[in-house]
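Colleague: no sequence on this one, just coordinates:
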């Protein structure tokens, strides 16, 4: 089955760190660019980060630049998001999303999401 | 404050046609393609329209997209109760080097 499964979410104190993972299966992971997108409770979608298939191109939203690091391991079909210096406003459901081979940044496959709660 | 502007809500009756607008600028919509996503309550977003007006396999022809200048629109014809969802537009922004989303439009079928 073609799917993305996120893990690693949980409760963390402000200033703390958390590492999210996304396991891909059912498709050739190494051929696809990948993204992280988040959604704060009751709010809209916010793009977080992008990594190209070979990790040669990486982009971040200004809101997370310098604090979050995206990475991937094509041999393990996995995508990670290392989140440091977490803030209250980082509380959200974090989705990993696949960038379709057709179109431009058309996210055609999404995981179920993992909830990150930043609170003391 | 989202970079792309959408109306917060829209509504229609079953069978009706509704449109949702998405307003941007020369650095995003005008120079890049627009994608639309549908998020049903409690679920992950789903790609609805890509490259301004293309439908992924499995998306009914009732859904269509268009773009003109710095604005884009999503049209839904033959409205159904199952179309009740949040709809988001998105595009790459050349100035921000980032994907930008609209704030989302909550569609109600009354």
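Modeller: Arrived safely. Keep in mind that this is a model prediction, so the values were computed, not measured. Numbering: from 1, shown residues only, chains lettered A, B, ... in the order given.

Colleague: can you give me the neighbour number for the residue lying closest to residue B:25 once chain neighbours are set aside?
Modeller: In space, residue B:25 comes closest to residue B:70 once its chain neighbours are excluded; the distance is 5.4 Å by C-beta to C-beta, 6 or more residues apart in numbering or on different chains. In this view, the C-beta of every residue, glycine as well, is placed from N, C-alpha and C. For residue B:70, the count of nearby residues is 16 (other C-beta atoms under 10 Å in any protein chain shown).

Colleague: once you drop chain neighbours, what's closest to the spatially most central residue of chain A?
Modeller: Taking C-alpha atoms, centre = their mean as the criterion, residue A:36 is the residue nearest the geometric centre of chain A, at 2.8 Å. In this structure, residue A:36 finds its nearest non-sequential neighbour in residue A:48, 4.2 Å apart by C-beta to C-beta, 6+ apart.

Colleague: other SSEs contacting the helix or strand containing the residue nearest to the centre of chain A?
Modeller: In this assignment (DSSP states H and E), residue A:36 forms part of strand A:34-39. Counting by 3 or more C-beta pairs under 8 Å, 6 or more residues apart in numbering or on different chains; DSSP states H and E, the packing neighbours recorded for strand A:34-39 are strand A:18-25, strand A:45-51, strand A:78-83, strand A:92-99, strand A:107-110.

Colleague: any idea of the angle that strand forms with strand A:45-51?
Modeller: Interaxial angle of strand A:34-39 relative to strand A:45-51 (axes from the mean of the first three to the mean of the last three C-alpha atoms, to 10 degrees): 160 degrees.

Colleague: contacts for stretch A:3-16, please.
Modeller: For stretch A:3-16, the external contacting residues (C-beta atoms under 8 Å, 6 or more residues apart in numbering or on different chains) are A:18-26, A:85-88, A:93-98, A:109-120.

Colleague: what of stretch A:54-72?
Modeller: With C-beta under 8 Å, 6+ apart as the contact definition, stretch A:54-72 has outside contacts at A:34, A:36, A:46-52, A:78-86, A:89-90, B:96-98.

Colleague: what mean pLDDT does it have?
Modeller: Mean pLDDT, computed over stretch A:54-72, is 97.

Colleague: buried residues, that stretch. List them.
Modeller: Within stretch A:54-72, the residues that qualify as buried are A:59-61, A:64, A:68-70, A:72, counting by 16 or more other C-beta atoms under 10 Å in any protein chain shown.

Colleague: my read is that the residue nearest to residue B:25 contacts residue B:21, right?
Modeller: No. The criterion here is C-beta atoms under 8 Å, and residue B:70 misses it with residue B:21 at 11.2 Å.

Colleague: list the contacts for residue 80?
Modeller: Went with chain A since none was named. Here residue A:80 is in contact with A:19-22, A:70-73 (criterion: C-beta under 8 Å, 6+ apart).

Colleague: looking at chain B here, not the other one
Modeller: With C-beta under 8 Å, 6+ apart, residue B:80 has these contacts: B:14, B:109.

Colleague: just residue B:64 next, same as before
Modeller: So residue B:64 contacts B:49, B:53, B:55, B:74-75, B:77 (C-beta under 8 Å, 6+ apart).

Colleague: which ones are touching the residue of chain B positioned farthest from its centre?
Modeller: Distance from the C-alpha centroid of chain B peaks at residue B:95, with 21.6 Å (C-alpha atoms, centre = their mean). Applying C-beta under 8 Å, 6+ apart, we find residue B:95 in contact with residue B:27.
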